[in-house]
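Engineer: my questions are about this predicted structure, shown below with the sequence.
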There are 2 protein chains.
Amino acid sequence: MSQEIEVLEEVMERNTRLAREVNADLTRRGVFAVNLMGSPGSGKTTTLLRLIPLLGAPAFVIEGDIESDIDTRRMTAAGIRAVQINTGGACHLDSPLIAQAIPPDAKGYLFIENIGNLVCPAEFLIGEHIKVLIATLAEGSDKPYKYPLAFEKADAILLNKTDLLPHVDFDREYFTAGVRKLNPEAPLFPVSGKTGEGMATVAAWLEEKAKAVLAGEA
Amino acid sequence: MSQEIEVLEEVMERNTRLAREVNADLTRRGVFAVNLMGSPGSGKTTTLLRLIPLLGAPAFVIEGDIESDIDTRRMTAAGIRAVQINTGGACHLDSPLIAQAIPPDAKGYLFIENIGNLVCPAEFLIGEHIKVLIATLAEGSDKPYKYPLAFEKADAILLNKTDLLPHVDFDREYFTAGVRKLNPEAPLFPVSGKTGEGMATVAAWLEEKAKAVLAGEA
């Protein structure tokens, strides 16, 4: 088994090294990069479609999927610049894929929508300044306890599909306690991709965060 | 990169070899094994809690999670024998983990609830006779297009959370067309973990399938 572990460690190290280079380059160019993570169907694309028009700067989206260009077509139909990455089978994006996908004229915000997966994406840096995790009321309140790494590493957590509250069994207190055990500080934003509720608050937070990070204050 | 690929292929081959041994042993003992896959929060545990009491034979459950024993506690509270596997970080179960977890006195049905993940679990045999995939209305109708392998490999697909139909945007025709392109034959069962709708039909199908498979007819 030690050969396996060695090979995996090499892959991780190469990935982290390139991620740091990508991140430094984006910072130099004044581009703020967000690694957007969440389960399949958590509403990552819908959230971006809601958020981007609220931001005071242009945005570019890298859409990560195993297959299909459905999400990129949704973005471009809304007038948002986007490019698709298909991993074929890989369960997360990595920095070599991202390094090739960033356009030379990117400005403002770079949103990277990772593969829908609550496990693997949290393990790999891809050049981002912050990680944003989307969880949903439909997934149930025990997710932080079962998938701790994604919740631990998030710089902000969106609790999406608040419109479903009357129709699902969701224990908000239990969910929040699970999040806070892993991550005492990240803001937790209730949002609804369907109604748009809460999105303006997230957009305002993102703008402040981008300013602070790019100014070297956070 | 070729060293990486070689090492990964070795891991896959070892896994497949052991999975076939586990499967042959279960068949000999008359135990029917189901690999239950689905996204985080798709309702795998709730579905098992609904299905198992409807089956005419005892069942044993292996609960796979990154962390926590929440699901095993739910099973044992309902009087169902279960054991927990925590992978620590791994995004799927594998056959060495399963080989160790099967109790020597297992009888009837063995349900293996895989890690909540629509990507990795579909790639690894774990000794099962059939794979059952749970998708949900809340995840949206484009999932077969984005996560094809899980849909392609499933022997049955449960479309869960039908109770949410009035409250979500779900295009059943688009979903079904996506499934059928990948998998023309697997039965597609609409179910609700919340209300129990459709579960009796699934249980009856499972009983027929178990009989046929263990008799060497399927």
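Structural biologist: Thanks, I have the structure now.

Engineer: next, the buried residues of the longest helix that chain A contains.
Structural biologist: Across chain A, the longest stretch assigned as helix under DSSP state H is helix A:2-28. Within helix A:2-28, the residues that count as buried by 16 or more other C-beta atoms under 10 Å in any protein chain shown are A:7, A:15, A:18-19, A:22-23, A:26-27. For the C-beta atoms, the positions are set from N, CA and C on the backbone; glycine is no exception.

Engineer: just give me the residue right at the centre of chain A.
Structural biologist: When C-alpha atoms, centre = their mean is applied to chain A, the residue found nearest the centroid is A:L36 (0.8 Å).

Engineer: let's have the buried residues of helix A:2-28 in TSV, adding pLDDT.
Structural biologist: Converted to TSV, those look like this (pLDDT from 0 to 100):
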residue	pLDDT
A:V7	85
A:N15	97
A:L18	98
A:A19	98
A:V22	98
A:N23	98
A:L26	98
A:T27	97
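
Engineer: and which of those residues is nearest to A:G88?
Structural biologist: A:N15 (17.3 Å; C-beta to C-beta).

Engineer: returning to that earlier point: so the longest helix of chain A, near chain B or not?
Structural biologist: Yes. Under the criterion of C-beta under 8 Å from any C-beta of the partner chain, helix A:2-28 makes contact with chain B via A:3-4, A:7, A:10-11.

Engineer: tell me the pLDDT at A:L8?
Structural biologist: At A:L8, the model reports a pLDDT of 85.

Engineer: now the strands: where do they sit in chain A?
Structural biologist: In chain A, the segments counted as strands under DSSP state E are A:32-38, A:59-65, A:81-86, A:109-113, A:130-136, A:156-160, A:188-190.

Engineer: partner strands of the shortest one and their direction?
Structural biologist: The sheet places strand A:188-190 alongside strand A:156-160 (parallel), with pairing taken from DSSP bridges.

Engineer: distance between the strand it pairs with and the chain's centre?
Structural biologist: 10 Å (C-alpha atoms, centre = their mean, to the nearest Å).

Engineer: for stretch A:175-188, same thing?
Structural biologist: Relative to the centre of its chain, stretch A:175-188 is centred 17 Å away, using C-alpha atoms, centre = their mean.

Engineer: for the record, mean pLDDT for it?
Structural biologist: Stretch A:175-188 shows a mean pLDDT of 98.

Engineer: straight-line length of that stretch, end to end?
Structural biologist: Taking C-alpha to C-alpha, to the nearest Å, stretch A:175-188 runs 11 Å from one end to the other.

Engineer: show me what counts as buried in it.
Structural biologist: Residues of stretch A:175-188 classed as buried: A:175, A:178-179, A:182-183, A:186, A:188 (neighbour count, 16+ other C-beta under 10 Å).

Engineer: so which residues on chain A come close to chain B?
Structural biologist: So chain A meets chain B at A:3-4, A:7, A:10-11, A:39-41, A:65-68, A:70, A:89, A:91, A:115-120, A:123, A:136, A:138-140, A:142-143, A:145-149, A:161, A:163-164, A:167-169, A:194 (C-beta under 8 Å from any C-beta).

Engineer: whichever of those end up buried, select them in ChimeraX.
Structural biologist: In ChimeraX, this line selects whichever of these come out buried by 16+ other C-beta under 10 Å:
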select /A:7,39,40,41,65,66,67,68,70,91,115,116,117,118,119,120,136,138,139,140,142,143,145,146,147,148,149,161,163,164,167,168,194
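
Engineer: show me the residues of chain A next to chain B that map onto helices.
Structural biologist: Among the residues of chain A next to chain B, DSSP H puts A:3-4, A:7, A:10-11, A:70, A:143, A:145-146, A:148-149 in helices.

Engineer: tell me the two of those residues that are most distant?
Structural biologist: Greatest spacing in these, by C-beta to C-beta: A:Q3 and A:I70 (39.0 Å).

Engineer: and A:K153, how many residues sit next to it?
Structural biologist: By other C-beta atoms under 10 Å in any protein chain shown, 18 other residues sit near A:K153.

Engineer: list the contacts for it?
Structural biologist: A:K153 makes contacts with A:122, A:131, A:133, A:183, as judged by C-beta atoms under 8 Å, 6 or more residues apart in numbering or on different chains.

Engineer: mind pulling up the pLDDT for the residue nearest to the third one when sequence neighbours are not counted?
Structural biologist: With C-beta to C-beta, 6 or more residues apart in numbering or on different chains as the measure, A:A154 is the residue that lies nearest to A:L133, at 3.8 Å, once sequence neighbours are left out. pLDDT recorded at A:A154 is 98.

Engineer: dump the residue contacts of A:A154.
Structural biologist: Applying C-beta under 8 Å, 6+ apart to A:A154 gives the contacts A:37, A:131-133, A:183, A:186.

Engineer: just give me the closest of those residues to B:E207.
Structural biologist: A:M37 (39.5 Å).

Engineer: list the beta-bridge partners for the closest one.
Structural biologist: Counting by DSSP bridges, A:M37 forms beta bridges with A:L133.

Engineer: can you pull the contacts of the residue nearest to the centre of chain A?
Structural biologist: Here A:L36 is in contact with A:44, A:47-48, A:111-114, A:132, A:134 (criterion: C-beta under 8 Å, 6+ apart).

Engineer: A:Y109 too?
Structural biologist: Contacts for A:Y109 were tallied using C-beta under 8 Å, 6+ apart; they are A:31-34, A:52, A:55, A:57-60, A:206, A:210.

Engineer: just the buried residues from the residues you listed, in ChimeraX please.
Structural biologist: Entered in ChimeraX, the line below selects the buried ones among the contacts of A:Y109, by 16+ other C-beta under 10 Å:
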select /A:31,32,33,34,52,55,59,60,206,210
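
Engineer: where does pLDDT dip in chain A?
Structural biologist: Judged against pLDDT under 70, the low-scoring parts of chain A cover residues A:1, A:218.

Engineer: again, only using 80
Structural biologist: For chain A, the stretches with pLDDT under 80 are A:1-4, A:218.

Engineer: what's the nearest residue to A:E152 if we skip its chain neighbours?
Structural biologist: Counting by C-beta to C-beta, 6+ apart, A:E152 lies nearest to A:L182, which is 4.3 Å off, once chain neighbours are set aside.

Engineer: might one say that the one you found is in contact with A:P144?
Structural biologist: Yes. Using C-beta atoms under 8 Å, A:L182 is in contact with A:P144, at 6.0 Å.

Engineer: return every residue with contacts to both of those two.
Structural biologist: With C-beta under 8 Å, 6+ apart, A:L182 and A:P144 have common neighbours A:F151.
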